[in-house]
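Q: this one's structure only:
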């Protein structure tokens, strides 16, 4: 029997140095485990500002769209034209490696 989904969707954030068209979410570019639309928006905004070297970049409209997509458990891909590409990928709770004890970080070790 499948586990009931929680109210907050679980996402994995990936950063790929490749351009949008060439990017792919992989274990090697996994950066963050995110819970809920607010964390997804915060992470995407922070990473996009960092990539653009513009800490004051306004992302109000984008943030609203990202929040809607994350609420609906949709994948989100954004980035700069020349890279990097940021991906927030919804992960079903029963298939998330974060839930497997052997992949959890313990005292700074994976």
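A: Looks like it arrived, so ask away. Keep in mind the model is a prediction, meaning the values are calculated, not measured. Residues are numbered from 1 along each chain as shown.

Q: which positions in the helix of greatest length in the chain come out as buried?
A: Longest helix of the chain, by residue count under DSSP state H: helix 37-52. Going by neighbour count (16 or more other Cβ atoms under 10 Å), the buried part of helix 37-52 is 37, 39-41, 43-45, 47-48, 51. Yep, even glycine has a C-beta here, placed from its N, CA and C like the rest.

Q: and that helix, what does it pack onto?
A: On a contact count with 3 or more Cβ pairs under 8 Å, 6 or more residues apart in numbering; DSSP states H and E, helix 37-52 meets strand 10-16, strand 30-35, helix 60-71, strand 76-79, strand 85-90.

Q: to residue 98, which of the ones you listed lies closest?
A: strand 30-35 (5.0 Å; Cβ to Cβ).

Q: mean confidence score for the closest one?
A: Averaged across strand 30-35, pLDDT comes to 88.

Q: who touches it?
A: 8-15, 40, 43, 47, 88, 98 (Cβ atoms under 8 Å, 6 or more residues apart in numbering).

Q: residue 24 is nearest to which of the helices and strands packed on helix 37-52?
A: Per Cβ to Cβ, nearest to residue 24 of the helices and strands packed on helix 37-52: strand 10-16, 6.4 Å.
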